[in-house]
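Chemist: Coordinates only, no sequence provided:
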């Protein structure tokens with residue numbers, strides 16, 4: 001009998017699908033300290049304004065906010081620090097070359113706990129123009145109206 005992977009979503013970046021065309025997504029791990037993972041388990045995390053940087057063979061998430069742990073005292077972490085992401089070397093190199101050659105961004109979509117470990121879903125995205133955003137909103141409104149009737 002297989003053990004079912006239990007996934008508990010801690011943070012979502014809802015604005016990403018509005019601001020970007022999502023081309024491809026990837027699951028990566030995070031390098032965290034003890035108090036950071038405790039804060040994540042308490043759901044004190046935000047990935048709304050963060051982005052991923054691929055440089056020198058490493059992936060780093062920048063601007064991810066993890067609140068200090070209440071009982072952390074002197075061992076507490078810095079709230080907004082660059083955190084290293086864990087992925088296969090080939091995937092990192094592929095992402096790094098795509099960022100250099102194309103005008104794309106790597107954005108976090110979702111932070112969740114899987115088997116007790118923090119995982120992050122990142123996406124390779126291309127920015128939307130204002131008219132693309134307006135078209136998406138119109139389409140969404142039309143779909144809502146059609147569902148009502």
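Modeler: Nice, I can see it. Everything numeric in this text was worked out from a predicted model, so none of it was measured. Residues are numbered from 1 along each chain as shown.

Chemist: helices and strands of the chain: which one bottoms out on pLDDT?
Modeler: Lowest mean confidence among the helices and strands of the chain (mean pLDDT, DSSP states H and E): helix 16-19, at a mean of 86.

Chemist: ok now that helix, how far from the chain's centre?
Modeler: How far helix 16-19 lies from its chain's middle: 12 Å, per CA atoms, centre = their mean, to the nearest Å.

Chemist: residue closest to the middle of this protein?
Modeler: residue 108 (1.9 Å; CA atoms, centre = their mean).

Chemist: Touching, that residue and residue 50? I think so.
Modeler: Yes. Counting by CB atoms under 8 Å, residue 108 touches residue 50, with 5.6 Å between them. In this view, the C-beta of every residue, glycine as well, is placed from N, C-alpha and C.

Chemist: What count of nearby residues applies to the nearest residue to residue 55 once chain neighbours are set aside?
Modeler: Leaving aside its sequence neighbours, residue 55 sits nearest to residue 96 (CB to CB, 6 or more residues apart in numbering; 7.1 Å). Residues within reach of residue 96, counting by other CB atoms under 10 Å, total 18.

Chemist: what about the residue nearest to residue 46 when sequence neighbours are not counted, distance to residue 97?
Modeler: Sequence neighbours aside, residue 65 is the residue nearest to residue 46 in space, at 4.4 Å (criterion: CB to CB, 6+ apart). Going from residue 65 to residue 97 by CB to CB, to the nearest Å gives 29 Å.

Chemist: if we can go back for a sec, pull up the overlap in contacts between residue 108 and residue 50.
Modeler: 13, 61, 64 (CB atoms under 8 Å, 6 or more residues apart in numbering).
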